[in-house]
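Q: whatever this is, show me its structure:
(one chain, ligands or ions: 3)
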Amino acid sequence: MKNSIWNAVKEACVIVIGGHIRPDGDCVGSCAAMYNYIKKLYPQKELFICLDKIPDVFAYIRAVDEAASDPGDISADLFISLDASDPERLGDAKIYFDKAKKTINIDHHISNPGFADINYVFPDASSTCEVIYELLDYDMIDTRIAEALYTGIVHDTGVFQYSCAKRRTMEIAGALDEKGINKTKIIDESFYEKTYKQNLMLGRCLLESRLLLDGDCIISVATADIMREYEADAQDLEGIVSQLRMTRGVKVAVFVYELSAGEYKVSLRANGNIDVSRIASVFGGGGHVKASGCTLYGGLDSEIPKLISEIEKSIKEAL
Ligand code: AMP
Ligand code: MN
Ligand code: MN
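A: Numbers count the residues shown, from 1 in each chain. Ligands and ions are numbered 1, 2, ... in the order given. Below you'll find the predicted structure:
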């Protein structure tokens, strides 16, 4: 499998790398690491990254911005999909996926059906960056590739806290650390540090939160009105669902925000043995056992009770 991936890269002249919409640290880190590695290996290849707006906190991941230009009307020899559980999640990059002569899918989502010509999907891996690390020659990894991969691992493991962080994850993080990265800066500035607005939104959403199902479930909704009050956008809501999950006794945490009229982004997080990817899949979403998401359409008054009822079912089944 590794060989078929590197053969496909070798044979392609024009390569487009894409990740999921609303990119997170693992998505941005994966794309940047892959881009920098291929560029180093084959400087003559035409290489593009096609991503949604990259959150400002990842600006230090070098080359990702300069590469993230609109590829225009091209058809690629090879499309590499990173950290995307299905082609729909590729957003604007999907047209390049559809037109590419060959496609590769590198990921770690349990819900990934294997949608490309070559599929390299490991649901047990902490992150797509961990999966990519296993594909690379260690001696070829420089500081900029290492900091991109480290970022992805840090973000998808909640700084090595979640159960997806295994022995191998720690070994890889240690090996990347030896490449001269500034891990304290990466962790502090891209993960823990919050803007004043993010802190205000966190505070407001915690105040708005409600306990349901005898305290098994916590939910908070950031309506368009609340978002407008603080002039907040999606970036300003980072970390809220993680804080909700930390509520004692809670088995499932739900955070919802309004994307546009009648369209709501849902983040689900689990404690213990509840599988939230199953709940998300009922609503057309997916993700991981303990962290998943979906989009709800319609009115909150009708959709939230359906979601809570699925959560209740999962909690009962897990007893
Ligand atoms: P989030 O709550 O957006 O941080 O997402 C948690 C996890 O679920 C991530 O791994 C996402 O890639 C995945 N995810 C979020 N939303 C969706 C969706 N609509 N469809 C499939 N996977 C999703
Ligand atoms: Mn991701
Ligand atoms: Mn990921």
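Q: who touches the longest helix along the chain?
A: If you go by DSSP state H, the chain has its longest helix at helix 300-318. Residues outside helix 300-318 that contact it (Cβ atoms under 8 Å, 6 or more residues apart in numbering): 212-213, 216-217, 219, 221, 251-252, 254, 256, 264, 266, 272-276, 278-279, 282-283, 296-297. All C-beta atoms are positioned from the backbone trio N, CA, C, and that covers glycine.
Q: next step: these restricted to strands.
A: Taking DSSP state E as the definition of strands, these contribute 212, 217, 219, 221, 252, 254, 256, 264, 266, 296-297.
Q: where does the stretch 1-150 of the chain have low pLDDT?
A: 65-69 (pLDDT under 70).
Q: what ranges does it have for its strands?
A: Ranges of strands within the stretch 1-150 of the chain are 14-19, 46-50, 78-82, 102-107, 118-121, based on DSSP state E, counting those that start in this stretch.
Q: distance to Glu231 and mean neighbour count for the ones you listed - can I get that in TSV?
A: Formatted as TSV, the strands of the stretch 1-150 of the chain follow (distance: least, Cβ to Cβ, whole Å; neighbours: other Cβ atoms under 10 Å):
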stretch	distance to Glu231	mean neighbour count
strand 14-19	27	27
strand 46-50	28	22
strand 78-82	32	30
strand 102-107	34	23
strand 118-121	39	18
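Q: related to what we said a few turns ago, just the CA coordinates of the longest helix of the chain, formatted as PDB?
A: The C-alpha coordinates for helix 300-318 follow below in PDB (Å, rounded to 0.1, in the frame of the first residue of the first chain):
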ATOM      1  CA  LEU A 300     -34.200  23.500  16.100                       C
ATOM      2  CA  ASP A 301     -37.500  22.800  17.900                       C
ATOM      3  CA  SER A 302     -38.100  19.800  15.800                       C
ATOM      4  CA  GLU A 303     -34.500  18.600  15.200                       C
ATOM      5  CA  ILE A 304     -33.000  18.800  18.700                       C
ATOM      6  CA  PRO A 305     -35.600  16.400  20.300                       C
ATOM      7  CA  LYS A 306     -34.700  13.800  17.500                       C
ATOM      8  CA  LEU A 307     -31.000  14.200  18.300                       C
ATOM      9  CA  ILE A 308     -31.600  13.900  22.100                       C
ATOM     10  CA  SER A 309     -33.800  10.800  21.500                       C
ATOM     11  CA  GLU A 310     -30.900   9.100  19.600                       C
ATOM     12  CA  ILE A 311     -28.500  10.100  22.400                       C
ATOM     13  CA  GLU A 312     -30.900   8.600  25.000                       C
ATOM     14  CA  LYS A 313     -31.100   5.400  22.900                       C
ATOM     15  CA  SER A 314     -27.300   5.100  22.800                       C
ATOM     16  CA  ILE A 315     -26.900   5.700  26.500                       C
ATOM     17  CA  LYS A 316     -29.500   3.000  27.300                       C
ATOM     18  CA  GLU A 317     -27.800   0.600  24.900                       C
ATOM     19  CA  ALA A 318     -24.400   1.200  26.500                       C
END
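Q: who does Ile80 form a beta bridge with?
A: Beta-bridge pairing for Ile80 (DSSP bridges): Ile17, Ile104.
Q: measure it to ligand 3 for me?
A: 15 Å (Cβ to the ion, to the nearest Å).
Q: shouldn't that residue be in contact with Ala33?
A: No - here Ile80 lies out of contact with Ala33, judged by Cβ atoms under 8 Å, at a distance of 11.3 Å.
Q: does Ser163 count as helix, strand or coil?
A: State at Ser163, reduced to three classes by DSSP: H, G, I helix; E, B strand; the rest coil: coil.
Q: so it makes contact with Lys290?
A: Yes - using Cβ under 8 Å, Ser163 makes contact with Lys290 at a distance of 6.8 Å.
Q: with neighbour numbers in mind, choose between those two.
A: Legend: neighbour count by other Cβ atoms under 10 Å for Ser163 and Lys290, higher for Lys290 (19 against 9).
Q: contacting residues around that one?
A: By Cβ under 8 Å, 6+ apart, the residues touching Lys290 are 162-164, 269-271, 276.
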